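1. Below: sequence and its predicted model.
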Amino acid sequence: MPGAIVAYEMMNEPDLLQWDATAEAVRNSTMDLAMEMMNLEGVAFGLNDGAHNYGAELMADDLLEYPEYKDRYWLDIHHYFNWPAMCNVYGETSYFDIPCVCSANIPGSEHEYEQGAWAGFMKKGLLDQGYRLYIGEWSAGLQVARNCNNPTKLPNAKQAQVMWRAQKLSFLSQYLHYAGKAKDQSSSFLGDFYWAGRMGHNWNADPSVCCCDEDPNWVDFEWWDWSLLNMMRLGLAQPLSKLGWTSETIAEQKEKTCEGSFLIQCGPF
């Protein structure tokens with residue numbers, strides 16, 4: 001069916017955690033392979049940022065050699081706060097900062113370079129020049145704060161709701177910031193895809209698997225995460241239209257959404 005496929009992901013998280021693939025090997029398997037497929041009309045090619053030896057700035061330099069394909073090479077960022085990295089503030093009392101989530105990698109904000117790979121593309125000016133970027137994976141999971149959820153140390157529904165809303169508002173802000181910079185006056189920010197795996201038994205995405213507090217199977221599972229289906233069932237994730245979020249109301253919504261923090265570093269799981 002024409003239009004059913006809009007893009008091919010060349011390689012998901014290339015060389016993740018291994019660091020042994022050369023820049024040339026990753027380039028050949030991603031950007032160069034996509035170049036050979038440019039004869040396929042009507043589709044784009046996703047380039048993920050996950051390679052140690054072929055980082056975002058090096059990839060950006062290569063992409064800038066082909067401005068004629070800026071609408072065909074799509075940058076895929078995986079944007080997670082689940083692990084200790086972004087928006088963590090350490091001190092006598094350490095905490096995870098929600099205003100930082102809302103402004104992460106938004107140009108001109110205090111946290112415009114919060115996410116390293118995304119920052120690499122920004123520093124090279126790709127989005128301002130009309131190259132396209134999307135969030136290929138993100139979630140409401142916040143494992144970094146779980147050990148402070150006393151007394152259970154379980155994933156917390158309120159945290160998930162706050163994280164979902166803060167990130168969705170951030171992505172809407174990104175879309176509006178880059179509006180008009182890409183082809184046909186569209187936004188350089190394409191959108192986002194929630195990573196919805198239940199990660200229960202055998203990574204079963206069925207929301208009935210490991211869904212509820214009385215089910216002990218996921219309690220001590222290190223990589224537990226929130227299924228979007230389950231968040232919708234619980235009312236934690238809602239359509240932006242139902243929340244009243246529009247380009248006209250985003251500043252007002254930011255005041256209500258982007259506040260507060262969650263404690264972290266309360267001890268081991």
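-> That came through, no problem.

2. which residues in the stretch 101-250 of the chain form strands?
-> Along the stretch 101-250 of the chain, counting by DSSP state E, counting those that start in this stretch, strands occupy 132-138, 189-192.

3. Deepest-packed of those strands, please.
-> Mean neighbour count (mean count of other Cβ atoms under 10 Å) peaks for strand 132-138 among those, with a mean of 22. C-beta here means a position set from N, CA and C on the backbone, and glycine is covered the same way.

4. Parallel or antiparallel, which strands does it pair with?
-> In the sheet, strand 132-138 lines up against strand 73-79 (parallel), strand 189-192 (parallel) (DSSP bridges).

5. Give me the mean pLDDT for the last one.
-> It stands for strand 189-192. In this model, strand 189-192 has an average pLDDT of 97.

6. Stretch 127-142 too?
-> 95.

7. Only C-alpha atoms, please: export that stretch in PDB.
-> These are the backbone C-alpha positions of stretch 127-142, laid out as PDB (Å, rounded to 0.1, in the frame of the first residue of the first chain):
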ATOM      1  CA  LEU A 127      17.800  20.900  12.900                       C
ATOM      2  CA  ASP A 128      18.100  24.600  12.200                       C
ATOM      3  CA  GLN A 129      19.100  23.700   8.600                       C
ATOM      4  CA  GLY A 130      16.100  21.500   8.100                       C
ATOM      5  CA  TYR A 131      17.400  18.000   8.900                       C
ATOM      6  CA  ARG A 132      14.700  16.000  10.500                       C
ATOM      7  CA  LEU A 133      14.800  14.400  14.000                       C
ATOM      8  CA  TYR A 134      12.400  12.200  15.900                       C
ATOM      9  CA  ILE A 135      12.400  10.500  19.300                       C
ATOM     10  CA  GLY A 136      12.600   6.800  18.400                       C
ATOM     11  CA  GLU A 137      12.300   5.600  22.000                       C
ATOM     12  CA  TRP A 138      11.300   7.200  25.300                       C
ATOM     13  CA  SER A 139       9.300   6.200  28.400                       C
ATOM     14  CA  ALA A 140       7.800   7.300  31.700                       C
ATOM     15  CA  GLY A 141      10.000   4.900  33.700                       C
ATOM     16  CA  LEU A 142      12.100   6.500  36.400                       C
END
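
8. list the buried ones in the lowest-mean-pLDDT helix or strand in the chain?
-> Lowest by mean pLDDT, DSSP states H and E among the helices and strands of the chain is helix 228-233, with a mean of 82. Going by neighbour count (16 or more other Cβ atoms under 10 Å), the buried part of helix 228-233 is 228-231.

9. ok so, going back, need the strands of the stretch 101-250 of the chain in TSV (columns: distance to residue 29).
-> TSV is the format used below for the strands of the stretch 101-250 of the chain (distance: least, Cβ to Cβ, whole Å):
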stretch	distance to residue 29
strand 132-138	17
strand 189-192	22
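
10. Kind regards, and thank you for your time.
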